[in-house]
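In: Quick one, fold the following:
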Amino acid sequence: MPWSPHGYSYQQSYFLLRALPGDWVAAVADGVNTTAQGRGIKHRVVKVKVVQANTEQSVDAKKRSVWRIDRSTSSVKFSVKKLLFITVNGLLSDLDGLIVFDENVLSQSSVNASMSAATVDTSNKQRDAHLRSPAFLDTTNYPRIQFQSTKIGRGTDRDMLVVKGVLTIKGSSQQVQLIVTEVDRSKSPDGQEVIYYVAETELDRYAFGIKQWPGVIGRKLKVVIDVQANRE
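Out: Numbers count the residues shown, from 1 in each chain. So this is what the prediction gives:
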């Protein structure tokens, strides 16, 4: 089986064809990519060689791509219950990182990202100051919240991925799972390829050692991550 720099494997076959002298023949097969050895007919019976490319092993290098998260447009939104069933919504920004996406071998894909803990914003300055304090996020000693994927697999829908990884908050690392949906791919006016993802998960703040104000602030947080990434 010959080697090709494009990653193709080939299968060769021959067949006999009856034709009139002076005719020209070439082989064409439906459903496969073929390269035929055509020839002019000098005899009534001619042997024609067909080389068939195995398209299943045709690996397009473009299927593996690297994307840089755009920190100016990406963000992390969270919501948590408090007393009287009130929901507090918050935002974290300065999300940065790298996404490696291999459509052929999904296990070779990865996500490495972090965000600034000090950017926490719940539209209440006093509450935000408490969240930045040592009792909660302790942003002076732990300025970044980090995520490193460990496994990426397909979800239930075609555009859905299940991303498992390690999330580190305030020095405590826990396994989490993100449900990620590819929303869109497009090009900017200057030709830059852009991809958009939405990721969702639920976090237990107690698992990260943040147990202050039980009964006042809910234990579980719903998290939605909006990601815009540019192809490198």
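In: so how far is residue 158 from the spatially most central residue of the chain?
Out: In the chain, the C-alpha nearest the mean C-alpha coordinate belongs to residue 101, at 5.1 Å (C-alpha atoms, centre = their mean). Distance, residue 101 to residue 158, by C-beta to C-beta, to the nearest Å: 15 Å. Glycine gets a C-beta too; all of them are placed from N, C-alpha and C.
In: swap in residue 228?
Out: Taken as C-beta to C-beta, the span from residue 228 to residue 158 is 21 Å.
In: Compare neighbour counts for those two and give me the winner.
Out: residue 228 (19 against 7; other C-beta atoms under 10 Å).
In: and that one, which of the three is it?
Out: strand (DSSP: H, G, I helix; E, B strand; the rest coil).
In: Spit out the contact partners of it.
Out: Taking C-beta atoms under 8 Å, 6 or more residues apart in numbering, we find residue 228 in contact with 69, 70, 73, 74, 194, 195, 196.
In: In strands only, show me the residues you listed.
Out: Judged by DSSP state E, the contacts of residue 228 include 69, 194, 195, 196 as members of strands.
In: What is the burial count for the last one?
Out: By other C-beta under 10 Å, 17 other residues sit near residue 196.
In: can you check residue 171 too?
Out: A count of nearby residues for residue 171, using other C-beta under 10 Å, gives 10.
In: Surely it is in contact with residue 142?
Out: Yes - checked against C-beta atoms under 8 Å, the pair residue 171 and residue 142 is within contact range at 5.7 Å.
In: Need the pLDDT of the closest residue in space to residue 74 that isn't next to it in sequence.
Out: In this structure, residue 74 finds its nearest non-sequential neighbour in residue 95, 4.2 Å apart by C-beta to C-beta, 6 or more residues apart in numbering. For residue 95, the pLDDT comes out at 98.
In: hang on, the earlier thing: could you export the ones in strands among the contacts of residue 228 as a markdown table, including pLDDT and distance to residue 167?
Out: Converted to a markdown table, the ones in strands among the contacts of residue 228 look like this (pLDDT from 0 to 100; distance: C-beta to C-beta, whole Å):
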| residue | pLDDT | distance to residue 167 |
| --- | --- | --- |
| 69 | 99 | 16 |
| 194 | 98 | 25 |
| 195 | 98 | 22 |
| 196 | 98 | 22 |
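In: Check those residues against residue 204 and report the nearest one.
Out: residue 69 (25.0 Å; C-beta to C-beta).
In: now that closest one: how far from residue 228?
Out: 7 Å.
In: Over to residue 112: give its phi and psi.
Out: phi -130, psi 110 (degrees, to the nearest 10).
In: Tell me the strands beside the strand or helix carrying residue 167, with direction?
Out: Per DSSP states H and E: residue 167 is located in strand 160-169. Strand 160-169 has its sheet partners listed here by DSSP bridges as strand 144-154 (antiparallel), strand 172-187 (antiparallel).
In: May I have the beta-bridge partners of the closest residue to residue 218 other than its chain neighbours?
Out: Residue nearest to residue 218 in three dimensions, not counting chain neighbours: residue 81, with 3.7 Å by C-beta to C-beta, 6+ apart. Residue 81 has these beta-bridge partners by DSSP bridges: residue 87.
In: Which residue ranges of this protein form helices?
Out: Remark: helices assigned in the chain by DSSP state H are 125-132.
In: Would you mind splitting it into its domains for me?
Out: The chain is divided into the following domains under automatic domain parsing: 10-57, 61-231.
In: Just name the most buried of these.
Out: Highest mean neighbour count among those (mean count of other C-beta atoms under 10 Å): domain 61-231, with a mean of 15.
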